[in-house]
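Undergrad: My questions concern the predicted model and sequence given below.
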Amino acid sequence: MLGELGERDHCGEKVGFDVLTGSDARTPAPVLTDRVTSVVRLDDQRFIDPPRPLADAVRSRGAAITDSKVLGSRRRTRHVGIVLGPPSVH
């Protein structure tokens, strides 16, 4: 995840984040157990889930979203293949 955040920064998309120890993360979120040893806190991010508002925000900036319906999957040894329907652009 830290690599992906670094890539976004390299591409000009500023994503504020901090890496916290488990102890520091438990201060604002005491529900976390001591099995949590580190946390990546994302700052100023409005979209994590659901994906639709994120897609709408990206479209409003001029991007096109291409998606396909998953029709099935096939597992072969250690690999999984996904069968997709025709793509649609939104």
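TA: Great, that's in hand.
Undergrad: Residue 88: what's it in contact with?
TA: Remark: with contacts taken as C-beta atoms under 8 Å, 6 or more residues apart in numbering, residue 88 is in contact with 66-68. For the C-beta atoms, the positions are set from N, CA and C on the backbone; glycine is no exception.
Undergrad: pLDDT value on it, please?
TA: Here, the pLDDT recorded for residue 88 equals 85.
Undergrad: Please flag which of the contacts of residue 88 sit within helices.
TA: Mapping the contacts of residue 88 onto helices (DSSP state H) picks out no residues; all lie outside.
Undergrad: list the buried ones in stretch 60-68?
TA: For stretch 60-68, a neighbour-count test (16 or more other C-beta atoms under 10 Å) marks nothing as buried.
Undergrad: Just the endpoints, please. Distance across that stretch?
TA: Using C-alpha to C-alpha, to the nearest Å, one end of stretch 60-68 lies 21 Å from the other.
Undergrad: Identify the residues contacting it?
TA: In contact with stretch 60-68 (C-beta under 8 Å, 6+ apart) are residues 55, 58-59, 84-90.
Undergrad: Repeat the analysis, applying 6 Å as the threshold.
TA: Stretch 60-68 has contacts (C-beta atoms under 6 Å, 6 or more residues apart in numbering) with 55, 84-85, 87, 89-90.
Undergrad: Strands - which of the residues you listed land there?
TA: 84, 89 (DSSP state E).
Undergrad: want to throw the contacts of stretch 60-68 into TSV with neighbour count?
TA: Converted to TSV, the contacts of stretch 60-68 look like this (neighbours: other C-beta atoms under 10 Å):
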residue	neighbour count
55	15
84	11
85	11
87	9
89	7
90	10
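Undergrad: remind me which residues of the chain are low pLDDT?
TA: Per-residue confidence for the chain (pLDDT under 70) gives these ranges: 45-50.
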